[in-house]
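**Q** Attaching a predicted model along with its sequence, questions to come.
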Amino acid sequence: MAEAGETELLQLRQEIDRVDSEILRLLSERGRLAQRVGVCKRAAGSSQFYHPDREGEILRRVMAENPGPFAAEQVGRIFREIISAGLALEQSLQVAYLGPEGTFSQLAAEKQFGTSASFVPVANIAEIFRQTDSGSTQFGVVPVENSTEGAVNQTLDLMLDYPLQICGEVELRIVHNLVASIPRAAIRRVHVHYQTRAQCRQWLAQNLPAVELCDAPSNAEAAQRAAADPEGAAISTLAAAQHAGLELLAQGIEDNPENSTRFWVIGKIATRSTGADKTSIVVGGAHRAGSLHALLAPFADAGISLTRIESRPARGALWQYVFYLDFLGHQQDPAVRSTLLALQEQAAFVRILGSYPKAVF
Ligand SMILES: O=C(O)C(=O)C[C@]1(C(=O)O)C=C[C@@H](O)C=C1
């Protein structure tokens with residue numbers, strides 16, 4: 001490198017060192033403030049240290065103020081980590097998710113809580129509800145719907161079995177990767193979870209038409225099986241691939257580049273209104289003509305946007321249904337409160353599953 005260029009490089013690195021020291025000073029200051037918040041809460045007799053509503057407000061604000069050059073989502077992720085590290089000084093949060101390690105559920109849990117929380121992988125969705133209900137973990141992260149595959153019915157049904165509340169929402173882009181410890185030309189088998197296989201069908205047909213596709217019970221297990229198979233590859237997350245000692249051969253092989261999964265955070269806390277919230281409810285209508293229309297009319301009258309409607313068979317009543325509704329707004333907002341009152345007059349039953357800040361990024 002020319003001498004002038006080298007001098008500039010040295011100067012720029014000195015500037016970066018100076019800025020890093022300043023960032024560190026401010027991080028420490030923020031950490032101490034978070035500790036003082038913890039002291040205040042304890043003095044007030046509160047044991048609730050995690051506030052997804054407050055975190056949502058902070059992330060929205062810094063992302064809106066972001067002057068660049070980083071993308072707003074990157075800024076959001078960095079601040080999520082800072083908050084997570086601060087919260088770990090106040091309290092160690094235990095969060096149950098659908099394991100094993102390296103699943104999309106783990107990525108979703110980390111996206112919501114940052115990596116300083118303690119994550120507990122469990123074997124199935126029902127176990128996430130059990131652990132959270134019994135207090136073994138304070139929170140759980142459960143999948144609700146995939147943009148390609150639709151609703152996760154088990155999660156919807158379990159919401160009715162437990163007195164837990166939805167206190168957060170996570171949206172995760174689902175990126176699939178071909179991973180292996182052998183070169184692409186040597187692949188004879190691909191270990192893959194059936195949902196992942198459905199989401200990568202075209203790519204597999206075009207790029208690996210001759211390989212055998214072997215069913216695996218999860219993306220993480222697919223990676224483990226590929227690691228033990230001298231002619232095998234897997235489709236998995238990068239985290240699971242790393243865990244299994246596999247290398248990335250092709251990234252982003254899902255057929256639909258918008259492929260996403262939505263998760264709910266379940267727990268025993270209520271959040272306050274932040275101005276950017278959603279509410280989820282379950283309603284059962286009378287078994288008569290026009291009853292669905294009657295259930296939806298109060299929302300239309302109040303100008304409240306429904307973001308999702310899902311029906312499930314009602315238990316113990318043949319050919320009757322309950323409806324899961326998600327809509328914008330918080331149950332503390334006056335318009336939502338009066339709409340819920342109007343709805344209660346129409347419906348056989350209404351259960352509010354929770355109001356929570358909308359996914360921020
Ligand atoms: O404001 C609070 O209640 C805090 O505990 C501080 C803080 C933060 O770091 O900003 C930490 C954890 C909460 O989930 C929300 C915010």
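**A** All right, it came through fine. Numbering: from 1, shown residues only.
**Q** Show me the shaky parts of this structure.
**A** 1, 286-287 (pLDDT under 70).
**Q** in it, what residue sits furthest out from the centroid?
**A** Taking CA atoms, centre = their mean as the measure, the residue most remote from the mean C-alpha position of the chain is residue 3, 49.7 Å away.
**Q** so how far is stretch 183-196 off the chain centroid?
**A** Distance, stretch centre to chain centre, for stretch 183-196: 27 Å (CA atoms, centre = their mean, to the nearest Å).
**Q** so what strands line up beside the helix or strand where residue 327 lies?
**A** In the assignment (DSSP states H and E), residue 327 maps to strand 321-328. Sheet pairing for strand 321-328, assigned by DSSP bridges, gives strand 277-284 (antiparallel), strand 306-313 (antiparallel).
**Q** Please work out which of those is packed deepest.
**A** Most buried of the strands paired with strand 321-328, by mean neighbour count (mean count of other CB atoms under 10 Å): strand 277-284, with a mean of 21. Quick note: C-beta positions are derived from backbone N, CA and C, even for glycine.
**Q** Quick check: next helix or strand after the helix or strand hosting residue 197?
**A** Applying DSSP H and E as the criterion places residue 197 in helix 194-199. As assigned by DSSP H and E, the chain's next helix or strand after helix 194-199 is helix 201-207.
**Q** what comes up buried for that following helix?
**A** 203, 204 (16 or more other CB atoms under 10 Å).
**Q** Residue 81 and residue 116 touch, don't they?
**A** Yes. Taking contacts as CB atoms under 8 Å, residue 81 lies within contact range of residue 116: 7.5 Å.
**Q** before we move on, back to that, flag every buried residue along the helix holding residue 197.
**A** 195, 196, 197, 199.
**Q** So what's the residue count around the closest residue to the first one other than its chain neighbours?
**A** Computed as CB to CB, 6 or more residues apart in numbering, the closest residue to residue 195 that is not its neighbour in sequence is residue 149, at 5.8 Å. As a burial measure, residue 149 scores 14 neighbours (other CB atoms under 10 Å).
**Q** Among residue 81 and residue 116, which residue is more densely surrounded?
**A** residue 116 (18 against 14).
**Q** The more buried one touches residue 84, doesn't it?
**A** Yes. Residue 116 is in contact with residue 84 according to CB under 8 Å; the separation is 4.1 Å.
**Q** which one of the strands paired with strand 321-328 lies closest to residue 27?
**A** strand 277-284 (29.3 Å; CB to CB).
**Q** Give the buried residues for stretch 237-249.
**A** For stretch 237-249, by 16+ other CB under 10 Å, it's 237, 238, 239, 240, 241, 243, 244, 246, 249.
**Q** all helices of the protein, in order?
**A** For the chain, the helices defined by DSSP state H occupy 3-43, 52-65, 72-90, 104-113, 125-134, 153-161, 194-199, 201-207, 219-227, 238-244, 291-302, 334-346.
**Q** In CSV: those helices, plus distance to the ligand.
**A** Listed next are those as CSV, based on distance: least, CB to the nearest ligand atom, whole Å:
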stretch, distance to the ligand
helix 3-43, 4
helix 52-65, 4
helix 72-90, 4
helix 104-113, 9
helix 125-134, 17
helix 153-161, 23
helix 194-199, 32
helix 201-207, 39
helix 219-227, 28
helix 238-244, 24
helix 291-302, 31
helix 334-346, 24
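**Q** Could you dump those helices into JSON lines with distance to residue 280 added?
**A** Formatted as JSON lines, the helices of the chain follow (distance: least, CB to CB, whole Å):
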{"stretch": "helix 3-43", "distance to residue 280": "27"}
{"stretch": "helix 52-65", "distance to residue 280": "14"}
{"stretch": "helix 72-90", "distance to residue 280": "23"}
{"stretch": "helix 104-113", "distance to residue 280": "16"}
{"stretch": "helix 125-134", "distance to residue 280": "15"}
{"stretch": "helix 153-161", "distance to residue 280": "8"}
{"stretch": "helix 194-199", "distance to residue 280": "23"}
{"stretch": "helix 201-207", "distance to residue 280": "31"}
{"stretch": "helix 219-227", "distance to residue 280": "27"}
{"stretch": "helix 238-244", "distance to residue 280": "29"}
{"stretch": "helix 291-302", "distance to residue 280": "13"}
{"stretch": "helix 334-346", "distance to residue 280": "12"}
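**Q** Quick one: closest of these to residue 274.
**A** Of the helices of the chain, nearest to residue 274 by CB to CB is helix 52-65, at 5.0 Å.
**Q** The residue nearest to residue 186 when sequence neighbours are not counted: neighbouring residues, count only.
**A** Excluding the flanking residues, the one nearest residue 186 by CB to CB, 6+ apart is residue 231, at 6.5 Å. Number of residues near residue 231 (other CB under 10 Å) recorded here: 13.
**Q** quick one, domains of this structure?
**A** 21-88, 92-174+259-266, 177-251, 270-357 (automatic domain parsing).
**Q** Measure how far the shortest one is from the centre of its chain, please.
**A** Taking CA atoms, centre = their mean, one finds domain 21-88 lying 19 Å from the centre of the chain it belongs to.
**Q** Start and end of it, how far apart?
**A** The straight-line separation of the ends of domain 21-88 (CA to CA, to the nearest Å) is 22 Å.
**Q** any idea how far the spatially most central residue of the chain lies from the ligand?
**A** Residue closest to the average C-alpha location in the chain (CA atoms, centre = their mean): residue 170, at 2.9 Å. Distance, residue 170 to the ligand, by CB to the nearest ligand atom, to the nearest Å: 15 Å.
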